[in-house]
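In: quick check, what structure comes out for this input:
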Amino acid sequence: MKKNILISTGGSGGHVVPATIFYEHLQGEFNMFMTSDDRGIKFLDKDKYNTEIIDTPKLSKNIFELPFKIILLLYSTIKSLFYLRRKKIDILISTGGYMSLPFCIASKILNIRLFLYEPNMVLGRSNKLFLSSCIKIFCYSDKIKKFPLKFKNKILLIPALLRKEFYIIEKTKNVDKEINLLIIGGSQGAKLFENIIESIVKIKKKYKLKIFHQTSVKNYMNLKNNYLLNNIESELFYFNENISEFMKKSNLCITRAGASTLAELIFLNLPHIAIPLPSAKDNHQLENALFYKELGCNWVLNQNEINDLNLTDQLINIIENKKEFLEKKNNMKNFSYQNTWNNINQKIINTINEN
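Out: Numbers count the residues shown, from 1 in each chain. This next block holds a predicted model:
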């Protein structure tokens, strides 16, 4: 009889996208279920992934709101208990974040096997709470900061999780006379990347340039008008559109440093400047970016030190320094050569069956 597996996710695309990849790896071997909060549901197809919404309140630092939030968390945990029993769940996989707290608590109460997922180079706070009770934690590195030494044996190393379409994309081309620049702001459409027009205008004066720019609904028209005003060829798109289509058209990228996005860029050997989000919890985006920088796979810039002049200089240096550009591509290729769908598939399935 097939085991019933629940994947608990929600919040940002950085949590939801890996959850859908786990789901697709496991759906042939197990009966699959997924839960998400209200925020996360916009990043997935409810019917395709057999999803139910169970919302989780974000714990507030406001001392007056905290008692109310705790009551809501307890309510969500009770709902999670009923869900796990109703669906006869054997195994829970949590992709992290406060959204999964009620299910992790409920799984502990019901003695349901728990697997965690940590793609970042800093251990998430929610994952840390359940390290002692989880079976394994899927990670991309065993050098994760703030990871308790006594639980290191629970780390199960896997290549970075990628959507299936990435494995059939032709690797990116070199920069030459034409620059196809991809700008990725994450699921929130980072405001920083709406403010680099001056650098792009300067680059356009020197090279043939086309922009592919991920943005939010709120900033779409303002950004589009800016590009039109400066006579810059551009295509704008939202987070939930197929980003692989834009990656394969690009030969250079400016991005945040979310784990999923960096993994995709590395796999496609797409040279990129990472600008970590300073407000990311525990500065995990900076650690993600530095991990790949130390491997010679990218360039990293500090958001607080960026202006149109040094960003322009950095872009020109990358475009004209062909040797360094090719070295970055080669380092990415060497790092990701073992990342195949079948390799990850067997590793995940074997781990669950053996534990």
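
In: for stretch 216-236, what is the distance to the chain centroid?
Out: 25 Å (C-alpha atoms, centre = their mean, to the nearest Å).

In: buried stuff in it?
Out: By neighbour count on 16 or more other C-beta atoms under 10 Å, the buried set for stretch 216-236 is 216, 219-220, 223, 226-227, 232, 234, 236. C-beta: built from backbone N, CA, C; applies to glycine.

In: next: stretch 312-332.
Out: Here stretch 312-332 shows 312, 314-315, 318-319, 325, 328-329, 331-332 as buried, counting by 16+ other C-beta under 10 Å.

In: now, which of these lie within helices?
Out: 312, 314-315, 318-319, 325, 328-329, 331-332 (DSSP state H).

In: show me what contacts the spatially closest residue to Ser132 that is not a sequence neighbour?
Out: With C-beta to C-beta, 6 or more residues apart in numbering as the criterion, Ser132 has its nearest non-adjacent residue at 7.1 Å, and that residue is Phe151. Contact partners of Phe151, counting by C-beta atoms under 8 Å, 6 or more residues apart in numbering, are 131-132, 137.

In: can you check Thr56 too?
Out: Here Thr56 is in contact with 10, 37, 73, 76, 98-102 (criterion: C-beta under 8 Å, 6+ apart).

In: same deal with Gln303?
Out: Gln303 neighbours (C-beta under 8 Å, 6+ apart): 192, 275-278.

In: about what we covered before: from the buried residues of stretch 216-236, which is closest to Ile112?
Out: Ser216 (37.3 Å; C-beta to C-beta).

In: tell me which of the buried residues of stretch 216-236 is nearest to Leu92?
Out: Ser216 (32.1 Å).

In: of the contacts of Thr56, which belong to helices?
Out: Under the assignment DSSP H, these contribute 73, 76, 101-102 to helices.

In: among those, which two are most distant?
Out: Ser76 and Leu101 (7.9 Å).

In: where exactly do the helices run in the stretch 251-355 of the chain?
Out: With helices called from DSSP state H, counting those that start in this stretch, the stretch 251-355 of the chain shows them at 259-267, 284-294, 308-320, 322-336, 341-354.

In: hmm, who's touching the last one?
Out: Pointing back at helix 341-354 there. 3, 5, 22, 25-26, 29-30, 91, 115, 136, 138, 156, 158-159, 161-162, 164, 167.

In: okay, the residue nearest to Ser132: pLDDT?
Out: pLDDT recorded at Phe151 is 97.

In: pLDDT weak spots in the stretch 51-200 of the chain?
Out: The stretch 51-200 of the chain contains residues with pLDDT under 70 at 59-62, 171-176, 186-195.

In: how about the strands in the stretch 151-300 of the chain?
Out: 155-157, 178-184, 208-214, 233-237, 252-255, 272-274, 299-300 (DSSP state E, counting those that start in this stretch).

In: name the helices or strands packed onto the fifth one?
Out: For strand 252-255, the elements it packs on are strand 178-184, helix 259-267, strand 272-274, helix 308-320, judged by 3 or more C-beta pairs under 8 Å, 6 or more residues apart in numbering; DSSP states H and E.

In: and those: which comes nearest Lys146?
Out: Nearest of these (C-beta to C-beta): helix 259-267, 15.3 Å.

In: and the angle for that closest one with strand 178-184?
Out: Interaxial angle of helix 259-267 relative to strand 178-184 (axes from the mean of the first three to the mean of the last three C-alpha atoms, to 10 degrees): 160 degrees.

In: contacts for helix 259-267, please.
Out: With C-beta under 8 Å, 6+ apart as the test, helix 259-267 has contacts from 13-14, 17-18, 119-120, 140, 160-162, 166, 184, 186, 243-244, 247, 253, 255, 272, 274, 288-289, 292, 297-298, 332, 335-336, 339.

In: what's the answer for stretch 22-37, then?
Out: 2-11, 16, 19-20, 44, 49-56, 80, 83, 87, 89, 91, 93, 95, 99, 103, 117, 161, 164, 344-345, 348-349, 352.

In: buried subset of the residues you listed, written for ChimeraX?
Out: Entered in ChimeraX, the line below selects the buried ones among the contacts of stretch 22-37, by 16+ other C-beta under 10 Å:
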select :3,4,5,6,7,8,9,10,11,16,19,20,44,49,50,51,54,55,56,80,83,87,89,91,93,95,99,103,117,161,344,348,352
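
In: let me see the mean pLDDT of stretch 204-219.
Out: Across stretch 204-219, pLDDT averages out at 89.

In: re the thing from before, which stretch among the strands of the stretch 151-300 of the chain comes nearest Lys108?
Out: Taking C-beta to C-beta, strand 155-157 is the member of the strands of the stretch 151-300 of the chain nearest to Lys108, at 19.7 Å.

In: what helices or strands is the closest one leaning on?
Out: Applying 3+ C-beta pairs under 8 Å, 6+ apart, we find strand 155-157 packed against strand 136-139.

In: right, and the pair among the buried residues of stretch 216-236 with maximum separation?
Out: Distance extremes for those: the farthest pair is Ser216 and Ile232 at 19.2 Å, using C-beta to C-beta.

In: quick revisit: now the contacts of helix 259-267: which count as buried?
Out: For the contacts of helix 259-267, a burial check counting by 16+ other C-beta under 10 Å picks out 13-14, 17-18, 119-120, 140, 160-162, 166, 184, 186, 243-244, 247, 253, 255, 272, 274, 288-289, 292, 297-298, 332, 335-336, 339.
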